[in-house]
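Novice: this one's sequence-less:
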């Protein structure tokens, strides 16, 4: 085995190894403490603004795919899918998406930072999972009525969001706006927790391997992967949520278990994966756009505010 005297001497090797360890440790520290010291209100503000921006952009771009997915899941047996009016309900949906996305990320970011500072590094995945679930619960107050109105409009039951809200409340009471709330949490809490955990862990791994911050295309790629994987494995939960939300006052399904049993008995197990193609496509592309816009907006907001010294800069001699 040959030895390069310029690069392979013990002293230089030891120095290079130390540099690599220092860079990796610095990358992990920087990721875990993007703002130092911890500023709850700043994380809340930046998360809310970035979340609202990312949510609106994704919803506007990918709404037609979401409409097709909803119609595929809502149709029974050999029913036909209608491919017109794919933007039906978009305006009303954006009214709900903006605050819902703001609440979710606005809660997720400070919760994540607090948990990362409290948990040992070996439990960082648990911090991301917990923060995602907490953000999901907080935003569900707005997300569920928004989803109910959106899906009723996507399936042609109403022509406008105000009309949908008025009719739902008149026929089903205020509780009608929260139809399928349990199934929504059953789907979205695992989805939010798993997606953000996969995304954050992949970001950490990539940053450690590259020994630098991610650029926009890399962030988008990781976001797409995290979204597509999570979207695929949670499709059955999404089908159940859709059926419960669009059934209206007919009350075909009495609850989550009854819904699952009825679908499997009348349509077969494969029906629990209806719309998986559009869903994976929609969430994969959506994850790419959402996380790309989210990280870019967070950077812009961070750069426009007070500058906190990074841990790496403080270590430099």
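Specialist: Thanks, I have it. Fair warning: this is a prediction, and the values are worked out from it, not measured in the lab.
Novice: buried set for the host helix or strand of residue 53?
Specialist: Using DSSP states H and E, residue 53 falls within helix 40-74. Along helix 40-74, these residues count as buried under the neighbour rule (16 or more other CB atoms under 10 Å): 42-59, 62-74. C-beta: built from backbone N, CA, C; applies to glycine.
Novice: next structured bit after the host helix or strand of residue 138?
Specialist: Assigned by DSSP H and E, residue 138 belongs to helix 124-154. Moving toward the C-terminus from helix 124-154, the next helix or strand (DSSP H and E) is helix 161-172.
Novice: next, the angle from that next one to helix 124-154.
Specialist: Orientation note: helix 161-172 sits at an angle of 90 degrees relative to helix 124-154 (axes from the mean of the first three to the mean of the last three CA atoms, to 10 degrees).
Novice: average pLDDT across helix 161-172?
Specialist: For helix 161-172, the mean per-residue pLDDT is 89.
Novice: what about the protein, any weak spots by pLDDT?
Specialist: Flagging of the chain using pLDDT under 70 yields the residue ranges 1-38, 77-81, 305-317.
Novice: which ones are touching the closest residue to residue 293 other than its chain neighbours?
Specialist: The shortest distance from residue 293 to any residue other than its chain neighbours is 4.2 Å, reached at residue 54 (CB to CB, 6 or more residues apart in numbering). Residues near residue 54 by CB atoms under 8 Å, 6 or more residues apart in numbering: 101, 105, 289, 290, 291, 293, 294, 297.
Novice: quick check, central residue of the chain?
Specialist: Ranked by distance to the mean C-alpha position of the chain (CA atoms, centre = their mean), the top residue is residue 192 at 5.1 Å.
Novice: which element, helix or strand, includes that one?
Specialist: When secondary structure is defined using DSSP H and E, the element that contains residue 192 is helix 181-210.
Novice: how about that helix: buried residues?
Specialist: In helix 181-210, residues buried by neighbour count (16+ other CB under 10 Å) are 181, 183-200, 202-204, 206-208.
Novice: that'll do, ta.
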